[in-house]
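Engineer: predicted model and sequence follow; I will ask about them next.
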Amino acid sequence: MKRKPMQVDATGSKGKGKKRTGEDTAPTLSKKLRDRKDGETSKQGPPLPPQSAGVQKRSGHGSILHFIYKSTLGQSLHSQMRQMGPGDSLTDMKFNQLNPTQLFTSSMGGTDSSSRFQWDNSNRVCQHRHSENGAGDFIGGIKFCPKDVSKVYVASGEGTLTLQSFEGCTPTLLSRTQECGHDHHNVCYWYCCLDVSVSRQMLVTGDNMGQLVLLGLDGQKIFSDKLHKAKVTHAEFNPRCDWLLATASVDHTVKLWDLRNIKDKKSFLHELPHEKAVNSAYFNPTDCSKLLTTDQYDEIRVYSSSDWSKPQHIIQHPHRQFQHLTPIKATWHPVYDLIVAGRYPDSRVCPGDQRTIDIFDSNTAELVCQLQDPAVPGIKSVNKFNPLGDVIGSGMGVTVLVWNRSESLISEQNKEEETSASVENLRGQRRSQQRSSRDRRGPAAVDAKLKKKLASLEETKTKTKDGCTKQKQAQMKKKK
DNA sequence: ATGTAATGACTCC
DNA sequence: TGGAGTCCCTTACA
């Protein structure tokens, strides 16, 4: 099961004059993907076999998803960030459905817990703005208001559920947990997740003690009961079947509920027991018939509605829980049957791993692509595709990375370095390939649908310029 | 460079 | 069922 895809230099690293460490590799991508590109565009004949394809070609522009932009929240934010206490890590991010250049993030710690990033069409500018309202210690969930995307629902660590506007209006308080009156904090209960159902005109949230709450969009309480034995980490309406609700909990279970018939903790439709606490349970956006769960150790599971009693796939993937790390949640691609998840290497699971961002084919459970940027060495806990599926937002600490398809990101002088970098990658890959013969499966293993998707990603049309990225990198370096 | 502190989950009594 | 104690071992900032 410890399969590793090829990792290929993504060519996204810009102008690295200095050596950093031995792992000073450029962002990496699936070799499979690159092979395609090489084969299709560079007149080099058919795609290379897997073994050789991992080596970065001098032409070097074959990557699909390029690292295009990174920032530590920008200059202006730094000062504000300082006001935030330590441990101020990203907890969630959402792309704006209507404005694909907007990315909302939420974090923990400090008083400014949610912010907005925006990059313009050339990806050269990144703005960010804090919410007007310092919502609280941390934000358990954010969700765009379906009726008005200038507003977001926010579940905060202060125990409130609010509807907030980024246009300067005062937040509307929808719900609040009980105050405890203790010395060092106000609440012992807080909301940890959030979802909205338009057709049901309903909000769902769950708290850190296992309570599940259903509210009208105006905040009126519809249902409230302790349905889980421990924190409700995730609650989600099924978009297609609006009476179907999924909840995930640290009590090691995921449960499916019929909203028309929800009474108490025993009234679930299905219980999906897990080995460990569960961080999330997402329905797939394409047809909402599958459920993607991520536990707190090394399992990503795919369930199918045809049989909830057992998972269709269990993907072994290291992402163990750590107190000071945002829990890792595998998330869906909006259009294709792909999954993205950040890897937290664990020698007990897969020795020699890197802190990559992994993309799996949910039909085959095969790892098809890994992203890595040596300039951002941390564990990327939060990873989301944008609604179009051509951009991945990755969050780590207070750093946000945006992976985009692009062409010609690298300058001539970089190609040399990147070539050697990719050799490093290849070595690492060979190491891991020895662990499993399945790892040697090449591009042929990619099914038609995936290929189509990859092909679509190949249509590069990015406007990213080198100047932008260099500038950003200079910023990064300065910071060190 | 070094230290510290950041509302997580689990076990045991 | 709850609280103290332990362990997981990252990140950002002083």
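Structural biologist: Now that the structure is in, tell me what you want to look at. Numbers count the residues shown, from 1 in each chain, chains lettered A, B, ... in the order given.
Engineer: by proximity to DNA strand C, which residue of the stretch 351-480 of chain A wins?
Structural biologist: A:G397 (2.1 Å; C-beta to the nearest atom of the strand). From N, CA and C alone the C-beta is placed, and that goes for glycine too.
Engineer: what residue ranges in the stretch 101-250 of chain A score low on pLDDT?
Structural biologist: Residues of the stretch 101-250 of chain A that meet the criterion pLDDT under 70 lie in A:101, A:108-137.
Engineer: okay, helices next: where are they in it?
Structural biologist: Assigned by DSSP state H, counting those that start in this stretch, the helices in the stretch 101-250 of chain A number zero.
Engineer: kindly report the same for the stretch 301-450 of chain A.
Structural biologist: Secondary structure of the stretch 301-450 of chain A (DSSP H, counting those that start in this stretch): helices at A:412-433, A:448-458.
Engineer: least reliable of the ones you listed by average pLDDT, please.
Structural biologist: Mean pLDDT across those is lowest at helix A:412-433; the value there is a mean of 28.
Engineer: stretch A:254-272 and DNA strand B, any residue contact?
Structural biologist: No. Residues of stretch A:254-272 are not located near DNA strand B by C-beta under 7 Å from any atom of the strand, the shortest gap being 13.8 Å.
Engineer: could you dump that stretch to CSV, C-alpha only?
Structural biologist: Extracted as CSV, the C-alpha positions of stretch A:254-272 are listed here (Å, rounded to 0.1, in the frame of the first residue of the first chain):
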residue,chain,number,x,y,z
VAL,A,254,-19.0,8.7,11.1
LYS,A,255,-22.7,8.6,11.2
LEU,A,256,-25.4,9.2,8.6
TRP,A,257,-28.7,10.6,9.6
ASP,A,258,-32.1,11.1,8.1
LEU,A,259,-33.1,14.6,8.9
ARG,A,260,-36.8,13.7,8.5
ASN,A,261,-36.4,11.2,11.2
ILE,A,262,-33.7,12.4,13.6
LYS,A,263,-34.5,11.9,17.2
ASP,A,264,-31.6,10.9,19.4
LYS,A,265,-28.2,9.4,19.2
LYS,A,266,-29.6,6.0,18.3
SER,A,267,-31.6,7.3,15.3
PHE,A,268,-28.7,7.2,12.8
LEU,A,269,-29.2,5.5,9.5
HIS,A,270,-25.6,4.1,9.3
GLU,A,271,-22.6,4.0,11.6
LEU,A,272,-19.2,3.9,9.9
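Engineer: who's in contact with it?
Structural biologist: Residues outside stretch A:254-272 that contact it (C-beta atoms under 8 Å, 6 or more residues apart in numbering) are A:200, A:202, A:214, A:223, A:225-228, A:242-249, A:253, A:274, A:278, A:281, A:291, A:293, A:301, A:303, A:308-309, A:311.
Engineer: go again using 6 Å as the cut-off
Structural biologist: A:D225, A:L227, A:W243, A:L245, A:A246, A:T247, A:A248, A:T253, A:V278, A:A281, A:T293, A:W308 (C-beta atoms under 6 Å, 6 or more residues apart in numbering).
Engineer: ok, for the residue of the stretch 351-480 of chain A closest to DNA strand C, nearest residue in space, not its chain neighbours?
Structural biologist: With sequence-adjacent residues excluded and distances taken as C-beta to C-beta, 6 or more residues apart in numbering, A:G397 is closest to A:S89, at 5.3 Å.
Engineer: how much space between the closest residue in space to A:S165 that isn't next to it in sequence and A:G219?
Structural biologist: Using C-beta to C-beta, 6+ apart and skipping the chain neighbours, the partner closest in space to A:S165 is A:K151 (5.0 Å). Separation of A:K151 from A:G219 (C-beta to C-beta, to the nearest Å) stands at 14 Å.
Engineer: same thing with A:N383?
Structural biologist: 31 Å.
Engineer: more neighbours: which of these two?
Structural biologist: More crowded of A:N383 and A:G219, by other C-beta atoms under 10 Å: A:N383, with 26 against 15.
Engineer: next, the contact list for that one, please.
Structural biologist: So A:N383 contacts A:V340, A:G342, A:I357, A:S394 (C-beta under 6 Å, 6+ apart).
Engineer: got the residues of the stretch 301-450 of chain A near DNA strand C?
Structural biologist: A:320-325, A:346, A:355, A:377-379, A:396-399.
Engineer: write the ChimeraX selection for whichever of those are buried.
Structural biologist: Buried residues within those, by 16 or more other C-beta atoms under 10 Å, are selected in ChimeraX with:
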select /A:320,325,355,379,396,397,398,399
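Engineer: grab the nearest non-local neighbour of A:Q370.
Structural biologist: A:T356 (4.1 Å).
Engineer: just A:F385 next, same as before
Structural biologist: Excluding the flanking residues, the one nearest A:F385 by C-beta to C-beta, 6+ apart is A:H333, at 5.0 Å.
Engineer: mind saving the C-alpha coords of stretch A:358-365 as PDB?
Structural biologist: Output of stretch A:358-365 as PDB, limited to C-alpha atoms (Å, rounded to 0.1, in the frame of the first residue of the first chain):
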ATOM      1  CA  ASP A 358      -0.900  14.100  -2.300                       C
ATOM      2  CA  ILE A 359      -3.500  13.600  -5.000                       C
ATOM      3  CA  PHE A 360      -5.300  10.300  -5.200                       C
ATOM      4  CA  ASP A 361      -7.600   8.700  -7.700                       C
ATOM      5  CA  SER A 362     -10.600   7.800  -5.600                       C
ATOM      6  CA  ASN A 363     -11.600   5.000  -8.000                       C
ATOM      7  CA  THR A 364      -8.400   3.200  -7.800                       C
ATOM      8  CA  ALA A 365      -7.000   4.600  -4.600                       C
END
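Engineer: in contact with the closest residue to DNA strand B within the stretch 151-300 of chain A, which residues?
Structural biologist: Going by C-beta to the nearest atom of the strand, DNA strand B is nearest to A:H185 of the stretch 151-300 of chain A, at 3.4 Å. By C-beta under 6 Å, 6+ apart, no residues touch A:H185.
Engineer: hang on, the earlier thing: pretty sure the residue nearest to A:F385 sits against A:G389.
Structural biologist: Yes. Assessed by C-beta atoms under 6 Å, A:H333 is found in contact with A:G389 at 5.2 Å.
Engineer: okay, those two: which has more neighbours?
Structural biologist: A:H333 (24 against 17).
Engineer: phi, psi of that one?
Structural biologist: The phi/psi pair for A:H333 (degrees, to the nearest 10) reads phi -80, psi 140.
Engineer: same check, this time on A:S362
Structural biologist: When read as degrees, to the nearest 10, the backbone of A:S362 gives phi -70, psi -20.
Engineer: for A:N261, same thing?
Structural biologist: The phi/psi pair for A:N261 (degrees, to the nearest 10) is phi -140, psi 40.
Engineer: can you give me the pLDDT of it?
Structural biologist: Note on A:N261: pLDDT of 97.
Engineer: ok, it to A:F223 distance?
Structural biologist: For A:N261 relative to A:F223 (C-beta to C-beta), the value is 11 Å.
Engineer: tell me which of these two has more neighbours.
Structural biologist: Each of A:N261 and A:F223 has its neighbours counted (other C-beta under 10 Å); A:F223 has more, 15 against 10.
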